[in-house]
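# I'd like to go over a predicted model; first the sequence, then the structure.
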Amino acid sequence: MPTVDLRSDTVTRPTAAMREAMARAEVGDDVMGEDPTVNGLQEAVAALLGKEAALFMPSGTMANQVAVRTHTEPGDEIILEGTAHIYIYEGGGFAALSGVSVCCAPGERGLLTPAAVAAAIRAPGSLSHFPVTRLLCLENSANRGGGTVYTPARTRALAVVAREHGLALHLDGARLLNAAVAQGVDPAELAEPFDSVSVCLSKGLGCPVGSLLAGSRAFIERAHRFRKQFGGGMRQAGILAAAGLHALERHVDRLADDHRRARRLAEALARLPGLEVDLEAVQTNMVYIGLPAGADNAAWLAELKARGVLAGAVKPGLLRAVTHLDVDDAGIDAAIDAFTALAR
Ligand SMILES: Cc1ncc(COP(=O)(O)O)c(CN[C@H](C(=O)O)[C@H](C)O)c1O
């Protein structure tokens with residue numbers, strides 16, 4: 001029985017055409033700045049996001065953590081929404097690598113409001129008791145929010161509050177191209193208010209490895225130093241960068257297919273007895289699925305697997321399904337059939 005892997009869009013494998021592009025890549029030593037394909041990808045992504053420069057990174061986590069380190073000094077504080085990837089899924093890197101504290105602001109479906117950001121900013125006290133709030137990080141699309149998106153207008157409104165208080169702004173744009181395609185807007189419009197933006201090539205875009213961090217030339221120069229310090233300097237990485245150039249050319253518009261499939265899956269599951277799906281949160285390629293009270297994640301995942309469907313567990317009673325390049329309409333049909341059989 002074929003298996004449809006809905007655990008994450010990180011599971012996408014390079015297509016044959018992408019592998020050919022990788023095999024043809026011109027390469028050089030990127031630590032010496034001599035890999036022409038990496039340089040080309042960095043220029044292309046900087047232009048895509050409307051930034052002066054960009055830096056190729058082995059992972060989205062490293063792109064975020066280098067950004068935090070570049071914006072802050074030990075003892076500073078950063079503001080994150082309570083379900084942010086930087087807060088939950090990056091190994092406490094903000095503390096271990098940057099020595100900063102976090103103020104988690106309450107969001108709705110993973111998205112912050114200007115009021116929540118304003119309330120999270122440490123008032124400069126007369127004494128030096130407080131950490132200094134230095135950086136606001138947003139996530140677009142918001143993973144644990146359900147793959148929800150910030151609009152350009154809401155992003156700008158949050159940036160106004162941050163700028164009024166002298167904060168720097170970083171965007172965890174792991175799925176920024178999903179957010180842009182879902183809204184029919186230019187990625188550069190969503191990136192515009194930010195000092196730094198990370199984007200992932202290794203998720204829905206189908207690359208085996210890679211993210212980029214974009215920002216001003218001065219910011220990227222400073223980030224370059226921290227990437228090296230964190231061990232992220234790479235040598236003939238053009239083989240990986242070629243996948244990114246290929247993906248930017250061929251795999252961006254098709255993200256709409258992933259969103260359509262996620263929507264179809266969500267609407268079918270929402271109709272099943274005992275399952276809970278927040279359809280308002282299904283805005284891109286993710287479907288969070290609430291199980292019946294008392295259901296056991298492991299048992300459900302095993303039953304789904306036995307029916308050829310892999311899903312991810314988020315927390316007790318909550319699963320996640322993510323559509324991507326390697327999921328087709330037949331895979332969605334199989335997932336609907338499997339959940340239907342189990343929900344009875
Ligand atoms: C918003 C966001 N920002 C950053 C990252 C980190 O990217 P990588 O370090 O995995 O390349 C992820 C990965 N997300 C992964 C997933 O969704 O399966 C897991 C949870 O780490 C992400 O969702």
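Nice, thanks for sending it over. Numbering: from 1, shown residues only.
# any weak-confidence spans in the stretch 1-150 of the chain?
125-127 (pLDDT under 70).
# for it, what lies in contact range of the ligand?
Ser8, Thr10, Ser59, Gly60, Thr61, Asn64, His85, Tyr89, Glu139, Asn143 (CB under 6 Å from any ligand atom). (C-beta placed from N, C-alpha, C; glycine too.)
# quickly note the distance from Gly331 to Leu190.
Gly331 is 29 Å from Leu190, where distance means CB to CB, to the nearest Å.
# out of those two, which sits in the busier spot?
Leu190 (27 against 21; other CB atoms under 10 Å).
# how about the helices in the stretch 201-344 of the chain?
Secondary structure of the stretch 201-344 of the chain (DSSP state H, counting those that start in this stretch): helices located at 217-229, 238-250, 255-270, 297-306, 329-343.
# domain map for the protein?
Here the domain parsing of the chain from automatic domain parsing is 16-250, 254-343.
# between the residues of the stretch 1-150 of the chain next to the ligand, which has the most around it?
Neighbour counts for these peak at Glu139, which has 31 neighbours (criterion: other CB under 10 Å).
# who does that residue form a beta bridge with?
Beta bridges link Glu139 to Asp172 when assigned by DSSP bridges.
# ok, now Val287?
With DSSP bridges as the criterion, Val287 is bridged to Ala321.
# tally of neighbours for it?
Neighbours around Val287, by other CB under 10 Å: 29.
# now Ala153
Neighbour number of Ala153 under other CB under 10 Å is 8.
# the strands in the stretch 101-250 of the chain, which residues?
Remark: strands assigned in the stretch 101-250 of the chain by DSSP state E, counting those that start in this stretch are 101-105, 132-139, 168-173, 196-200, 211-215.
# the inter-axis angle of the second one versus strand 196-200?
Here strand 132-139 points in a direction 30 degrees away from that of strand 196-200 (axes from the mean of the first three to the mean of the last three CA atoms, to 10 degrees).
# likewise for the third one?
Between the axes of strand 168-173 and strand 196-200, defined by the same axes, to 10 degrees, the angle is 10 degrees.
# do strand 168-173 and the ligand meet?
Yes. Strand 168-173 is in contact with the ligand by CB under 6 Å from any ligand atom, via Asp172.
# so which residues make contact with that strand?
Outside strand 168-173, the residues that touch it by CB atoms under 8 Å, 6 or more residues apart in numbering are 49, 60, 64, 67-68, 71, 84-86, 134-140, 159, 162-163, 179, 187, 190-191, 193-200.
# change it to 6 Å
Residues outside strand 168-173 that contact it (CB atoms under 6 Å, 6 or more residues apart in numbering): 64, 67, 71, 85-86, 135-140, 159, 162, 194-199.
# buried subset of the residues you listed?
Neighbour counting by 16 or more other CB atoms under 10 Å classes 64, 67, 71, 85-86, 135-140, 159, 162, 194-199 among these as buried.
# I'd like the distance between Val4 and Val68.
The value you get for Val4 to Val68, if CB to CB is used, is 35 Å.
# need the contact list for the residue of the stretch 101-250 of the chain found nearest the ligand.
Ranked by CB to the nearest ligand atom, the top residue of the stretch 101-250 of the chain for proximity to the ligand is Ala174, at 3.4 Å. By CB under 6 Å, 6+ apart, Ala174 lies in contact with Gly60, Cys200.
# confidence score at it?
pLDDT for Ala174: 98.
# for Asp329, grab the count of nearby residues.
11.
# which residues does the residue of the chain at minimum distance from the ligand contact?
Residue nearest to the ligand within the chain: Gly60 (2.7 Å; CB to the nearest ligand atom). Residues near Gly60 by CB under 6 Å, 6+ apart: Ala174, Ser198, Cys200, Ser211.
# please apply the same query to Ala343.
Ala343 neighbours (CB under 6 Å, 6+ apart): Leu272, Pro273, Gly274, Leu275.
# mind putting those into a markdown table with distance to Arg225, neighbour count and pLDDT?
Listed next are the contacts of Ala343 as a markdown table, based on distance: CB to CB, whole Å; neighbours: other CB atoms under 10 Å; pLDDT from 0 to 100:
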| residue | distance to Arg225 | neighbour count | pLDDT |
| --- | --- | --- | --- |
| Leu272 | 52 | 18 | 97 |
| Pro273 | 56 | 8 | 96 |
| Gly274 | 53 | 12 | 96 |
| Leu275 | 49 | 19 | 98 |
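# follow-up on the earlier one: more neighbours: which of Val4 and Val68?
Counted by other CB under 10 Å, Val4 and Val68 do not tie: Val68 has more neighbours, with 26 against 23.
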